[in-house]
Each structure stands twice: as C-alpha cells, then as structure tokens.
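J.: take this sequence and fold it.
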Amino acid sequence: MINSNQEYKELFVRIEDNISASESGMLAASKFLSPAESFHAKKYLAAKGIRGAVFFGGFRGAERERLIILPAYLDSFEGEPLDLLREYFGSDMDELVRAIKITGSGYRELSHRDYLGSILSLGVEREALGDVIVINTRQAYVFAMDSVARLMLESLDRIGNDKVKLEAVSLDADFTYKREFIRVTDTVASARLDCVAAALANVSREKAQELIDSGLCSLNYCEQTRCDKGVGEGDIITLRGYGKFIIRSIDQQTKKGRLRLIADKYA
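T.: This next block holds a predicted model:
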C-alpha cells in the first residue's frame, strides 16, 4: 500500500509554500486540485490547525478546486473563511476562477471529452482547469485560471469539428450543479472493505478480495490492500473497472443481523 504522506509529498510542499505566503500577508492560491488532492490537502491543513483555508472551484460542489489560504492577519476575524474571502477579496474572486460559457452550433453533440480535449490541445495544463460542466449536447461551462480563460477566449473557436462561441460569465454565488449518481443498496455481513466492495461491484467476496489484493481498490484516494479495513459513512471507494462510489450510510441492522448499505456510484 502506498503511504499517502509519500504519494502527496509534493502537494504538501506546495501547501507549505502557500502557508508561508499567507503568513507574509498574501492571498495564496494553488492551481486546481483533483478530488484526491483536495481530500488529502484538507486532512493536512486540519492536522496543522490552519483556519483560513478555502477550497473554491467557482461554484458550490465543484470537484476540482483551488486551495486559497487567506492572509494570516484575518485569523482573528470572525466568520467562515469563504465569507471572509468574499468580503475582503471579492474583486479578486473572478481572477481566481473564471467561468467561460461555450455554446456550439448544434451541428453535432459535444461531450465532456470533446471540450476537455480541445482545450488541452491549446497547450493548457490540466491543473490550470477546473470542472467542465456539460449542460446539454451543445453547451458547457468551463472553470479555469484567469490566464487560461483569456487564452480560450482568444484562441478557441472549435470543439471537435463544431464551431463554437465563448463568453466570460459571472455566475450567482448560489449557482450549483447537481451531479448524477446511480444509487446502490444492499446488505453486507460487516463493514469490512471486502464485504462492501463485493456489494458495490456486484461480485463475490472472493473476487472483491482479489481486487483488493491486486491493488485495484482505493479507499479515500489511497490504495488499500487490507481486506479487513473498516468502511464508514462518507468514505469514497474506487474499484478499477467497476467505478467510484461514495458511502452514504452503513449502519442499520436487518433482522438477520446484516448491515444495510446505501451508496452512490458516480455516473
């Protein structure tokens, strides 16, 4: 099993640089973090007792977010970090994360892969891009760092072989995007990882143990090879070849003494 502290060592170094910048009175921001990086960054910051950390991807519920650490002089101010960010650095919010609306002609149906591939073909690093939200077959919102947003507005006129129109937009603070999940329900003998993985993937417990032993299972974005590892509400399990799941609950006992499992599979 890969130790998360080793796997994310470079991330933690970058976080320390941001902390140092905040202690100098600066507003420090990372590039966009993956869900796995955000998960471990939050644990790292909590362990260090950092209060003024904001994870912001342009809208509530974003998967890819920038880590923004407020200047240390705001530590004594009352309020949630995101509220303080909006109050004292509201004019900088758009520069931290730009929202670009892309509209196709309707000539062809455009997918997430089409949008992402065309943007990356401009020479853009994935870390400079946030979420790409496909609204329908001809329209999407792209969240990006300011420099990338300007490049897109200047250089991107086609997605795939479809001509598109781009415009910078300002979204309401309460803008949200409801992600699609597939509900999974089952009963399990215990909250062990192999039992839960078997139910999620709809395979035998022996097959689930093979997946775990082979390093094909991650728990909270860390490879997990212990079949008896406990699983709880909010845990994220990824089974290579079967998908990514978030545990919603695993507690109520049935009359036969089994546990009711409720989970959502990322669609």
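
J.: buried residues in stretch 9-23, which are they?
T.: Neighbour-count burial for stretch 9-23, with 16 or more other C-beta atoms under 10 Å as criterion, is recorded at 11-12, 14-15, 18-19, 21-22. C-beta here means a position set from N, CA and C on the backbone, and glycine is covered the same way.

J.: so where do the strands sit in this structure?
T.: 28-33, 53-56, 65-69, 98-104, 129-136, 139-144, 158-159, 162-169, 181-188, 217-219, 222-223, 236-239, 243-253, 259-266 (DSSP state E).

J.: okay if I get those strands as TSV plus mean pLDDT and mean neighbour count?
T.: As requested, the strands of the chain are arranged in TSV below (pLDDT from 0 to 100; neighbours: other C-beta atoms under 10 Å):
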stretch	mean pLDDT	mean neighbour count
strand 28-33	96	21
strand 53-56	94	21
strand 65-69	96	24
strand 98-104	96	20
strand 129-136	95	19
strand 139-144	96	22
strand 158-159	95	18
strand 162-169	96	14
strand 181-188	96	15
strand 217-219	96	22
strand 222-223	91	16
strand 236-239	97	20
strand 243-253	94	16
strand 259-266	96	18
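
J.: of these, which is nearest Ser111?
T.: strand 129-136 (6.8 Å; C-beta to C-beta).

J.: distance of the residue nearest to Ala267 when sequence neighbours are not counted relative to Val134?
T.: Using C-beta to C-beta, 6 or more residues apart in numbering and skipping residues adjacent in sequence, the residue nearest Ala267 is Glu180, 3.9 Å away. Going from Glu180 to Val134 by C-beta to C-beta, to the nearest Å gives 11 Å.

J.: redo the strands of the chain as CSV? Include distance to Gly123.
T.: CSV is the format used below for those (distance: least, C-beta to C-beta, whole Å):
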stretch, distance to Gly123
strand 28-33, 15
strand 53-56, 25
strand 65-69, 20
strand 98-104, 17
strand 129-136, 12
strand 139-144, 13
strand 158-159, 16
strand 162-169, 17
strand 181-188, 34
strand 217-219, 31
strand 222-223, 32
strand 236-239, 30
strand 243-253, 29
strand 259-266, 29
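
J.: out of those strands, nearest to Arg86?
T.: strand 53-56 (9.5 Å).

J.: residues in contact with the closest one?
T.: When contacts are defined by C-beta atoms under 8 Å, 6 or more residues apart in numbering, strand 53-56 is touched by residues 33, 38, 41-42, 45, 62, 65-70, 81-82, 85, 93, 96-97.

J.: note down every partner strand of it and its orientation.
T.: Neighbouring strands of strand 53-56 in its sheet, by DSSP bridges, are strand 65-69 (antiparallel).

J.: tell me the angle of the partner strand relative to strand 129-136?
T.: In terms of direction (axes from the mean of the first three to the mean of the last three C-alpha atoms, to 10 degrees), strand 65-69 departs from strand 129-136 by 140 degrees.

J.: spatially nearest residue to Thr137 (excluding sequence neighbours)?
T.: In space, and not counting its chain neighbours, Thr137 is closest to Glu109: 4.0 Å by C-beta to C-beta, 6+ apart.

J.: can you count the residues close to the one you found?
T.: Using other C-beta atoms under 10 Å as the criterion, Glu109 is surrounded by 13 other residues.

J.: per-residue confidence at it?
T.: Glu109 is assigned a pLDDT of 93 by the prediction.
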